[in-house]
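Enquirer: build me a structure from this.
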Amino acid sequence: MPIVNDSIDVAAYVTKECAQKNFFVNLTKIQKLVFCVYGAVLATSGERICKDHPKAWPHGPVFPRIYKYTKRHADGIVEALMSHEENLTSILNERQKKIIDTTLNFFGRYNAGTLVNWTHDEDGPWFKSTNGGKVLQKEIPDNLISDYFKTLIRPVN
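Expert: Next up, the predicted model:
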């Protein structure tokens, strides 16, 4: 089945879920949480949550479409994402929602700086795909993301 979800839809869903959980978010944290959701879903199901791939930028994994969207709404990033009409609520199955919920409950408690530092971990996909931060602006391979997240998460039934 082709992936129809857009990374902006995932970012909107993550932002709305974080608001319900009273987790503070900003552009950087949203990017890192979408990466975590992407990795957790990929590791548990073998499928991507969205058609967009994360790229290796200086401060860790970034989804360029989310960045461009939020850049256009610089004065109200969270508000723009909160009002974005996303279809994920009706598209996601219960298992995917549970994976996302568990992922956000864990990673959502950290601030953006902590998440940036974590994405630079030497065992992580950003570090490996960039040769330690030397080669940037490239796509982070799904196999590196999946393998890494398999070491972090427990199976969700």
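Enquirer: endpoints of stretch 42-51, how far apart?
Expert: Between the start and the finish of stretch 42-51 there is a gap of 12 Å, counting by Cα to Cα, to the nearest Å.
Enquirer: report the buried residues of that stretch.
Expert: Neighbour-count burial for stretch 42-51, with 16 or more other Cβ atoms under 10 Å as criterion, is recorded at Leu42, Ala43, Thr44, Arg48, Ile49, Cys50. (Glycine included, C-beta is placed from N, CA and C.)
Enquirer: likewise stretch 104-117?
Expert: Of the residues in stretch 104-117, those scored as buried under the neighbour-count criterion (16+ other Cβ under 10 Å) are Leu104, Phe107, Gly108, Tyr110, Ala112, Leu115, Val116.
Enquirer: export it to PDB, keeping only CA atoms.
Expert: Only the C-alpha atoms of stretch 104-117 are listed here, as PDB (Å, rounded to 0.1, in the frame of the first residue of the first chain):
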ATOM      1  CA  LEU A 104       5.300  10.900  22.600                       C
ATOM      2  CA  ASN A 105       4.900  10.000  26.300                       C
ATOM      3  CA  PHE A 106       8.500   9.000  26.500                       C
ATOM      4  CA  PHE A 107      10.300  11.600  24.200                       C
ATOM      5  CA  GLY A 108       7.800  14.400  24.800                       C
ATOM      6  CA  ARG A 109       9.000  15.000  28.300                       C
ATOM      7  CA  TYR A 110      12.400  16.200  27.000                       C
ATOM      8  CA  ASN A 111      13.200  19.700  25.800                       C
ATOM      9  CA  ALA A 112      14.400  20.500  22.300                       C
ATOM     10  CA  GLY A 113      18.000  20.800  23.300                       C
ATOM     11  CA  THR A 114      18.100  17.400  25.000                       C
ATOM     12  CA  LEU A 115      16.500  15.800  21.900                       C
ATOM     13  CA  VAL A 116      19.000  17.500  19.600                       C
ATOM     14  CA  ASN A 117      21.900  16.100  21.700                       C
END
